[in-house]
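# Take this sequence and fold it.
(one chain, ligands or ions: 1)
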Amino acid sequence: MNSEEKFKNIISHCKEYGFIFPSSEIYDGLAAVYDYGQNGVELKNNLRTYWWKSMVQFHQNIVGIDASIFMQPRVWKASGHVDGFNDPMIDNKDSKKRYRADVLIEEFIEKINSKIDKEVEKARSRFGEKFDFQTFVNTNEKTLGYKREIARIEEILKNSLEKSDFSSLKNLIDELGIVCPISGSKNWTEVRQYNLMYSTQMSATDGETELYLRPETAQGIFVNFLNVQKTGRMKIPFGIAQTGKAFRNEIVARQFIMRMKEFEQMEMQFFVKPGTELQWYEYWKKLRLKWHLSIGTNSNNLKYHDHLKLAHYANAAVDIEYNFPFGFKEVEGIHSRTDFDLSRHQEFSGKKIQYFDNETNSNYTPYVIETSIGLDRLFLMQLCENLVDEQLENGETRTVFKVNPILAPYKIAILPLVKKDGLPEFAEKIYNELKFDYNCFYEEKDTIGKRYRRQDAIGTPFCITIDYDSLKDNTVTLRNRDTMVQDRINVNEINKFLFEEINWKKLLIKL
Ligand code: ATP
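You can find the predicted model right below:
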């Protein structure tokens, strides 16, 4: 299966098994807007819970808030979003499709990178055990040529973005011969800027005010800096975390839930003493990668990508990228935002936003390290990483969602073998006991084989089957999703078993 087919499979699996539906589908949907279904919402909640626990519960010096989506519009003037939250866009005149100019160029660079990978693979099989990766990439002429070309393109891209020089971006697209993936033509318009914020009206007695739907959750944290610091008696360094919806008028909304107009962010702003920010930046950069590894993501599928163009307020920025079927793409950003946001809010609000340092007896504006992750992209990552088709010994295939058990929508499925002779009653008793601690699935219909397959497809790590022996000796069959091994277990042991297999500590301890 090629990667395009794999991605199509994931999308249809999401629909078929109640993970994700197109929004307002009976009215033919709404582009780039999606709804989470009965299984999707559970997985999404679990991902959010793990993030919250690892950030807030797990750090003495991090607290959470839940700020509103609407904010006083001057917030967005101060943050720079009104004047500067733009994307450089380019249209293909033949397909009438619009693209982000910088993304087209980055995708071109990715293609050169895969040529390097191919050379490496060819050499690896040619040299066998003698193959040394570093020596090869540093001496092979072809590979070095590719690397020089990437460096040259990145340099032009970085300069053009920094200077907002759109004609140079356009020249680069022309020079590289980049074609539209739909029409295959090079018939491009000029590059133009588009603001990404949605606006709406709020009525008041003195007229209407134009409001924006927040394009990021971060500003809700900055404007509450003093409230939290003072009421929580927080000492620097400390962090404020929040999760919530953000809205962006993404013109080029593609790749399913990867780029949506309404999505959810999980952000943490960590306030530090000026001069220590790069040390904290390194700390968060490492910890966030570890977090992704802790849920079982293969390290080969994750990489850092340093920002070519630093935002005007940042002095360091890196993305954590995941190897989606359509290539390595950003899932999370870690940014050193200096004192830009707090200083701007001080300037625009006229309120003093500073921290009094008891040790040095002085006031200063804290610097900020931000970790910002898209919950929807994290969700998609789980499917790309863990949805597998397995060939069974009897020639059949089964689709298994091998998501980490603690993140799975249901932890256990309780299945009476037949719908009679007291088996359902016995099973329901187990369900009613386990439901206090775990999200359990109960099902009586269909053959046991079919029921197991359905649980595999939604990622339920364990199934228990109640049969006639259960009534005699109080035991049930416990089936493991990944190994398909079936064991007999006493009903009184199930809770203990689940507690050992499924608890947050198993993940948190890895951080
Ligand atoms: P991109 O370059 O892909 O547009 P970004 O750099 O604009 O992303 P940030 O502003 O750093 O993204 O937002 C933080 C995180 O929010 C991203 O890492 C991503 O996971 C998520 N995110 C941003 N835009 C979207 C979107 N339109 N749909 C889904 N998730 C998004």
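# List the residues that contact the residue of the chain found nearest the ligand.
Of the residues in the chain, the one nearest the ligand is G374, at a distance of 2.3 Å by CB to the nearest ligand atom. All C-beta spots, glycine's among them, are computed from the backbone N, C-alpha and C. Residues touching G374, when contacts are defined by CB atoms under 8 Å, 6 or more residues apart in numbering, comprise F263, E264, Q265, M266, V331, E332.
# In strands only, show me the residues you listed.
F263, E264, Q265, M266, V331, E332 (DSSP state E).
# Identify, from the residues you listed, the entry nearest to G177.
If you rank the ones in strands among the contacts of G374 by distance to G177 using CB to CB, V331 comes first, at 30.1 Å.
# what about the closest one, how many neighbours?
22 (other CB atoms under 10 Å).
# Equivalent analysis for the one 3 residues further on, please.
I334 is flanked by 27 other residues according to other CB under 10 Å.
# list the contacts for it?
Residues in contact with I334, defined by CB under 8 Å, 6+ apart, are Y281, W284, K285, R288, A317, V318, D319, I320, I369, E370, T371, S372.
# How about V228?
Here V228 is in contact with V63, I65, M234, I240 (CB under 8 Å, 6+ apart).
# that's a helix at it, yeah?
Yes: with the criterion set as DSSP: H, G, I helix; E, B strand; the rest coil, the secondary structure at V228 is a helix.
# start the count at 686, not 1, going forward
Yep, numbering from 686; the last one is V913 now.
# Relative to P1010, how far out is it?
If you measure V913 against P1010 using CB to CB, to the nearest Å, the figure is 40 Å.
# Next: N880.
With the distance defined as CB to CB, N880 ends up 31 Å from P1010.
# ok, for K946, nearest residue in space, not its chain neighbours?
If you skip the residues right next to it in sequence, K946 has A717 as its closest partner in space, 4.9 Å away by CB to CB, 6 or more residues apart in numbering.
# Give the phi and psi angles for that neighbour, as a check.
Comment: the main-chain dihedrals of A717 come out as phi 60, psi 30, following degrees, to the nearest 10.
# How many residues are close by it?
The burial metric for A717, expressed as a neighbour count using other CB under 10 Å, is 23.
# go on, E962?
Applying the criterion other CB under 10 Å, we find 23 residues in the vicinity of E962.
# That one reaches P1051, doesn't it?
No: with contact taken as CB atoms under 8 Å, E962 and P1051 are classed as non-touching, separated by 9.1 Å.
# average pLDDT for the helix or strand hosting N856?
Taking DSSP states H and E as the definition, N856 sits inside helix 851-861. Helix 851-861 comes out with an average pLDDT of 95.
# Quick check: what element follows it along the chain?
strand 877-880.
# Which other helices and strands does that following strand contact?
For strand 877-880, the packing partners by 3 or more CB pairs under 8 Å, 6 or more residues apart in numbering; DSSP states H and E come out as strand 771-776.
# List the buried residues for the strand it packs on?
D772, P773, M774, I775, D776 (16 or more other CB atoms under 10 Å).
# How about residues contacting it?
By CB under 8 Å, 6+ apart, the residues outside strand 771-776 that reach it are 782-787, 789, 846, 849, 851, 854-855, 858, 873-881, 936-937.
# ok so, going back, and the residue nearest to K946, what does it touch?
By CB under 8 Å, 6+ apart, the contact list for A717 reads E935, A938, R939, R944, M945, K946.
# M943 too?
Contact criterion CB under 8 Å, 6+ apart gives F1009, K1014, D1061, R1062, L1065 as the residues in contact with M943.
# quick check, nearest of these to C699?
For C699, the nearest member of the contacts of M943 is L1065. The distance, counting by CB to CB, is 8.9 Å.
# in the stretch 886-1035 of the chain, which spans are helices?
In the stretch 886-1035 of the chain, helices defined by DSSP state H, counting those that start in this stretch lie at 903-907, 910-916, 962-979, 1025-1034, listed in chain order.
# Quick check: which of those is buried the most?
Here the criterion is mean neighbour count by mean count of other CB atoms under 10 Å, and of the helices of the stretch 886-1035 of the chain the winner is helix 903-907, at a mean of 23.
# Let's verify N1079: helix, strand, or coil?
Under three-state DSSP, N1079 falls in the coil class.
# And for the one 5 residues further on?
The local conformation at T1084, judged by three-state DSSP, is strand.
# Report the beta-bridge partners for it.
Residues found in beta-bridge contact with T1084 (criterion: DSSP bridges) are D1074.
# Surely it is in contact with L1077?
No: with contact defined as CB under 8 Å, T1084 and L1077 do not form a contacting pair (11.3 Å).
# picking up where we left off before, same list, the ones in strands among the contacts of G1059, but only the ones touching the ligand.
Contacts with the ligand are made by F948, Q950, V1016, E1017 out of these, judged by CB under 6 Å from any ligand atom.
# ok, those residues vs E795, which is closest?
When these are compared for distance to E795 (CB to CB), V1016 comes out closest, at 15.7 Å.
# and T1150, that one's in a strand?
Yes: with three-state DSSP as the criterion, T1150 is assigned to a strand.
# Could you pull up the contacting residues of it?
Taking CB under 8 Å, 6+ apart, we find T1150 in contact with L1100, P1101, L1102, I1133, V1161, T1162, R1164.
# before we move on, what about N825?
With contact taken as CB under 8 Å, 6+ apart, N825 is in contact with E804, A808.
# could you measure it against K1014, distance?
The spacing between N825 and K1014, counted by CB to CB, is 28 Å.
# Same question for Y1095.
If you measure Y1095 against K1014 using CB to CB, the figure is 29 Å.
# which element is the closest residue to Y897 other than its chain neighbours on?
Excluding the flanking residues, the one nearest Y897 by CB to CB, 6+ apart is M882, at 4.8 Å. Using DSSP H and E, no element contains M882; it sits outside every helix and strand.
# try the one 3 residues further on
Using DSSP H and E, T885 maps to strand 884-889.
# avg pLDDT for that strand?
Strand 884-889 comes out with an average pLDDT of 88.
# Adjacent strands (with direction) for that strand?
Within its sheet, strand 884-889 is paired with strand 892-897 (antiparallel), according to DSSP bridges.
# Near the ligand, which residues of the stretch 886-1035 of the chain are found?
Proximity of the stretch 886-1035 of the chain to the ligand (CB under 6 Å from any ligand atom) is limited to residues E901, R933, E935, R944, M945, F948, Q950, E1015, V1016, E1017, G1018.
# Would you mind measuring from I1058 to W761?
Using CB to CB, one gets 22 Å for the distance from I1058 to W761.
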